[in-house]
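> Quick check, what structure comes out for this input:
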Amino acid sequence: MTRPRGPAPRKRSAGILLFRQVAGELLVLLVHPGGPFWARKDLGAWSIPKGEYAEGEDALAAARREFFEETGSEPLGEFLPLDEVLQSGGKQVIAWALRGDFDPRQLKSNRFEIEWPPRSGQKQSFPEIDRAEWFAPAEARKRLVGAQTVFVDRLLARLARQD
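Numbering: from 1, shown residues only. You can find the predicted model right below:
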């Protein structure tokens, strides 16, 4: 059988950057990936709640689904487009901002199973997201995966235009 020529289809993810204002300060909700690979990683490891979606699938519907799967909270309200970014690994991420609230103590994430430790023959279950926290924009930029910092900047620019 012959393989199709050309590059493999690019992986695509859709997500939501939840934000709120507390005492006049803007805060954004970020999530930390679960599992043993991410356990000791912090700066540059956090993300917006997001997940992959299929060709032809509505990206906003996927973002809403993934937000729910990763946090256990239904995202409701007016979604503000933040456009797309291309991450260093080649994944294309599209995002929306949403004004809302979420208590990180209420986090209920889907789980995944992998062989752990490697080559042990034993499967272990881990949460997709092991924690969520609210951050001011400057701190969020330090915590986020590099390419996703632009979503914070785009949110700030959009909010500044509304004032």
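> What is the burial count for residue 50?
Residue neighbour count, defined by other Cβ atoms under 10 Å, stands at 24 for residue 50. Quick note: C-beta positions are derived from backbone N, CA and C, even for glycine.
> element containing residue 155?
Using DSSP states H and E, residue 155 sits within helix 149-162.
> And the contacts of the longest strand seen in the chain?
Counting residues, the longest strand found in the chain (DSSP state E) is strand 12-22. The contact list for strand 12-22 (Cβ atoms under 8 Å, 6 or more residues apart in numbering) reads 26-29, 47-53, 59-60, 62-64, 66-67, 75, 79, 82, 91-102, 134, 151-152, 155.
> Repeat that for stretch 67-85.
Defining contact as Cβ under 8 Å, 6+ apart, one finds that stretch 67-85 is touched by 15-18, 31, 49-51, 60, 63-64, 92-100, 102, 106-110, 128-129, 132, 147-148, 150-151, 154-155, 158.
> how about it: buried residues?
In terms of neighbour count (16 or more other Cβ atoms under 10 Å), stretch 67-85 has its buried residues at 67-68, 70-71, 73, 75, 79-80, 82, 84-85.
> My guess is residue 10 contacts residue 87. True?
No. Between residue 10 and residue 87 there is no contact under Cβ atoms under 8 Å: 10.3 Å.
> okay, those two: which has more neighbours?
residue 87 (15 against 9).
> was I right about the more buried one contacting residue 150?
No. Contact criterion Cβ under 8 Å: residue 87 and residue 150 do not qualify, at 10.7 Å.
> circling back to that earlier point, just the buried residues out of the contacts of stretch 67-85, in ChimeraX syntax.
Command for ChimeraX that selects the buried part of the contacts of stretch 67-85, burial taken from 16+ other Cβ under 10 Å:
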select :15,16,17,18,31,49,50,51,60,63,64,93,94,95,96,97,98,100,102,107,109,128,129,132,147,148,150,151,154,155
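> Next step: the contacts of stretch 67-85 restricted to helices.
60, 63-64, 150-151, 154-155, 158 (DSSP state H).
> Among the residues you listed, which one sits closest to residue 114?
Nearest to residue 114 among the ones in helices among the contacts of stretch 67-85, counting by Cβ to Cβ, is residue 63 at 24.9 Å.
> Nearest residue to residue 108 in space, please, no chain neighbours.
With sequence-adjacent residues excluded and distances taken as Cβ to Cβ, 6 or more residues apart in numbering, residue 108 is closest to residue 72, at 2.9 Å.
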